[in-house]
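Asks: What would the 3D arrangement of this be:
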Amino acid sequence: MNNYSIKIPKKKIMYQDTNKRNSPPPIVFIIAIGLIGFGAYKFLPGLLNAKTSNTPTSTPATSASGAIANRISLGNQILLTSQTTAAKQAGVQAFADGNYQTAAEYFQKSLQQNRNDPETIIYFNNARASNGSSLKIAVSVPIGSNPNVAQEILRGVAQAQDEINTSGGINGAELQVEIVNDDNSPEVVREVAKTLTKDQNILAVIGHNASNASLEAAPIYQQEKLVMVTPTSLANNLSAFGSYIFRTVPNISLMAAPLAEYAVKTAGKTNIAICYDSQAPDNISFKDEFVASLTAAGGKLVPTVCDFSIPSFNSESAITDAVSKGAQGLMVAPHVDRIDRAISLARINRGKLPLYGSTTMYTIQTLKDGQSDVNGLVLPVPWHPETNPGSRFPENSRQRWGGIVNWRTATSFDATQAVIAGLRQSNTREGLQQALRNTSFSTPGASEDVKFLPTGDRAGKPILVQVKQGGSTGYNFVPLR
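Replies: Next up is the predicted model:
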């Protein structure tokens, strides 16, 4: 296990109207005055506090109320319950008590038992940074609804945090990362965004994951002028959304076009049916861009009704319908939390139709649960370990996490690297935004430099991968040459 050097943050007044014609006896005035005095004594401090409740605090977990407080942690509670050890539990207790050195020791002990736990690495860094100068950002991920994807994103953030803190920090200040569980839920995301914007110590947010979550949060961050860098949201609606909104994935049109061209010009499949998710903005965008590119390449969309989001979705009838209408291939674009339905479709397909997929399908769940049913699936991704043979990121990640990471980890690493580079120029919200918006902004990423277009999109291009036999699950994503 690597040695880490890091640091974290110092952790109705009721009244009664007596409208009578006769003057009340003196005793009534005495009682009324007493009640008014008691009310002022009892409730005025609370009213005054309410007036100042928007004053930022160093840890929004302590100021956030109810369910949101249980979703935010700088190190005082475990959010990734699947990655729990006794040492980690002791660490969060020490952190909550303000014993940061003890917390760091427990977190390091937990990492010796389980190095593949990004939450603990982040907490360890936070604990080490608590006694010195630090800068704070947040990362919001769907821990409750999709813990695998949440950990993929957290690994990229944790790796970037650990590397900068180990090398001396950002102009001497170490980076703290507050973790938030948003469940990819628009309702939760709204409250999360409001909470994070109120904490003036938070300088940027890495997130959110699904596009429906990012689209819900973006207006709040834009209005309150807090930088949001999403590493995974692909919806067209995010492009040029606002001057504080960025993403470290290319525009979705750049992702969909190579896949459509491959299907028609390389695989020779001109008639393609589509199953998509009407409740997933990124996959709606992917479907639309794929259809446009398919037509431009000389292909044709086979008209079928296949929506992963509807409760009555039926894999067998979807495949039967597509085959009966002459489909030569099937493109699947599910919401990230409904990948199981796409896998079910692949299982029923049994290789009848070649499979093509949106970027969403690149998950360990696809390989583990799909197995031979997804063999041959082709999809575009913004990054792959073999994208740039000269990059040190894949090997550094393999050593740190004990295995190969995927594109979400790489783009999350890049999002954090971009924020770090911006904070080197200015450690204010406005200064960070201006740094990232500068046309000359560039910083090294997982495989290539991170640069943003005027739209806030990542400047770059995707790579096509295909599921083939091999790897720890029996199948793996392999670049198409």
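Asks: from here on, contacts and neighbour counts on C-alpha atoms
Replies: Fine.
Asks: which stretch of helix or strand covers K109?
Replies: Assigned by DSSP states H and E, K109 falls within helix 100-113.
Asks: Correction: the previous question concerned S140.
Replies: strand 134-141.
Asks: Pull out the buried residues from whatever helix or strand comes next after that strand.
Replies: With elements assigned by DSSP H and E, the helix or strand that comes after strand 134-141 is helix 147-166. Buried residues in helix 147-166, counting neighbours by 16 or more other C-alpha atoms under 10 Å, are found at 147, 149-166.
Asks: ok, T304 to L345 distance?
Replies: Note on T304: its distance to L345, by C-alpha to C-alpha, to the nearest Å, is 14 Å.
Asks: The two: which is more packed in?
Replies: Relative neighbour count places L345 above the other of T304 and L345, with 25 against 16, counting by other C-alpha atoms under 10 Å.
Asks: residues near the closest residue to A94 other than its chain neighbours, how many?
Replies: With sequence-adjacent residues excluded and distances taken as C-alpha to C-alpha, 6 or more residues apart in numbering, A94 is closest to A103, at 5.0 Å. Applying other C-alpha under 10 Å, we find 29 residues neighbouring A103.
Asks: got it, and I78?
Replies: The burial count for I78: 23, using other C-alpha under 10 Å.
Asks: So what's the gap between stretch 215-223 and the chain middle?
Replies: Relative to its parent chain, stretch 215-223 has a centroid offset of 14 Å by C-alpha atoms, centre = their mean, to the nearest Å.
Asks: Average pLDDT for that stretch, rounded please.
Replies: For stretch 215-223, mean pLDDT is 98.
Asks: Next, the buried residues of that stretch.
Replies: Those would be L215, E216, A217, A218, P219, I220, Y221, Q222, for stretch 215-223 by 16+ other C-alpha under 10 Å.
Asks: Identify, from those, the entry nearest to H335.
Replies: Within the buried residues of stretch 215-223, the smallest distance to H335 is 14.4 Å, found for L215 (C-alpha to C-alpha).
Asks: which residues touch whichever strand or helix holds A218?
Replies: Using DSSP H and E, A218 maps to helix 211-224. Outside helix 211-224, the residues within contact range by C-alpha atoms under 8 Å, 6 or more residues apart in numbering are 184-186, 189-190, 193-194, 197, 207-208, 227-228, 230, 232-235, 237-238, 241-245, 279-282.
Asks: Which SSE is immediately downstream of it?
Replies: Next along from helix 211-224, by DSSP H and E: strand 227-230.
Asks: Return the helix holding K109 as PDB; C-alpha atoms alone will do.
Replies: What follows is helix 100-113, C-alpha atoms only, in PDB (Å, rounded to 0.1, in the frame of the first residue of the first chain):
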ATOM      1  CA  TYR A 100      -8.100  14.000  13.300                       C
ATOM      2  CA  GLN A 101      -4.700  12.400  13.900                       C
ATOM      3  CA  THR A 102      -6.300   9.300  15.400                       C
ATOM      4  CA  ALA A 103      -8.800   9.300  12.600                       C
ATOM      5  CA  ALA A 104      -6.000   9.300  10.000                       C
ATOM      6  CA  GLU A 105      -4.300   6.400  11.700                       C
ATOM      7  CA  TYR A 106      -7.500   4.300  11.700                       C
ATOM      8  CA  PHE A 107      -8.200   5.200   8.100                       C
ATOM      9  CA  GLN A 108      -4.700   4.100   7.100                       C
ATOM     10  CA  LYS A 109      -5.100   0.900   9.000                       C
ATOM     11  CA  SER A 110      -8.400   0.300   7.100                       C
ATOM     12  CA  LEU A 111      -6.600   0.900   3.800                       C
ATOM     13  CA  GLN A 112      -4.100  -1.800   4.700                       C
ATOM     14  CA  GLN A 113      -7.000  -4.200   4.900                       C
END
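Asks: Remind me what that helix packs against, helices and strands.
Replies: Contact analysis of helix 100-113 by 3 or more C-alpha pairs under 8 Å, 6 or more residues apart in numbering; DSSP states H and E lists helix 86-96, helix 118-129 as its packing neighbours.
Asks: Highest mean neighbour count across the ones you listed, which stretch is it?
Replies: helix 118-129 (a mean of 30; mean count of other C-alpha atoms under 10 Å).
Asks: Verify the stated contact: A103 with Q89.
Replies: No - the criterion here is C-alpha atoms under 8 Å, and A103 misses it with Q89 at 9.5 Å.
Asks: about what we covered before: listing partners with orientation, what would you give for the strand holding S140?
Replies: Next to strand 134-141 in the sheet, as set by DSSP bridges, lie strand 174-181 (parallel), strand 202-206 (parallel).
Asks: Next, the angle helix 211-224 makes with it.
Replies: 150 degrees (axes from the mean of the first three to the mean of the last three C-alpha atoms, to 10 degrees).
Asks: rewinding a little: which ones among the contacts of helix 211-224 map onto helices?
Replies: P186, V189, R190, A193, K194, T197, P281, D282 (DSSP state H).
Asks: Adding distance to K136, pLDDT and neighbour count as columns, could you present those in a markdown table?
Replies: As requested, the ones in helices among the contacts of helix 211-224 are exported to a markdown table (distance: C-alpha to C-alpha, whole Å; pLDDT from 0 to 100; neighbours: other C-alpha atoms under 10 Å):
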| residue | distance to K136 | pLDDT | neighbour count |
| --- | --- | --- | --- |
| P186 | 24 | 93 | 18 |
| V189 | 19 | 97 | 27 |
| R190 | 20 | 97 | 19 |
| A193 | 15 | 98 | 23 |
| K194 | 17 | 97 | 15 |
| T197 | 12 | 98 | 23 |
| P281 | 30 | 93 | 23 |
| D282 | 29 | 92 | 30 |
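Asks: Rebuild those residues as a markdown table, extending it with distance to A256.
Replies: A markdown table is the format used below for those (distance: C-alpha to C-alpha, whole Å):
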| residue | distance to A256 |
| --- | --- |
| P186 | 25 |
| V189 | 27 |
| R190 | 29 |
| A193 | 30 |
| K194 | 33 |
| T197 | 34 |
| P281 | 14 |
| D282 | 11 |
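Asks: For my notes, please list the helices and strands packed on helix 100-113 in CSV and give distance to L436 and mean pLDDT for each entry.
Replies: As requested, the helices and strands packed on helix 100-113 are arranged in CSV below (distance: least, C-alpha to C-alpha, whole Å; pLDDT from 0 to 100):
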stretch, distance to L436, mean pLDDT
helix 86-96, 33, 98
helix 118-129, 24, 98
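Asks: low pLDDT regions in this protein?
Replies: The chain contains residues with pLDDT under 70 at 1-66.
Asks: where do the strands sit along it?
Replies: Taking DSSP state E as the test, the strands found in the chain are 72-73, 134-141, 174-181, 202-206, 227-230, 245-247, 271-276, 300-302, 329-333, 355-357, 378-381, 463-469, 475-479.
Asks: do you know how far F241 is from Q328?
Replies: Distance from F241 to Q328, by C-alpha to C-alpha: 37 Å.
Asks: still on that earlier bit, figure out which of the helices and strands packed on helix 100-113 is closest to T416.
Replies: Using C-alpha to C-alpha, the helices and strands packed on helix 100-113 put helix 118-129 closest to T416, at 12.7 Å.
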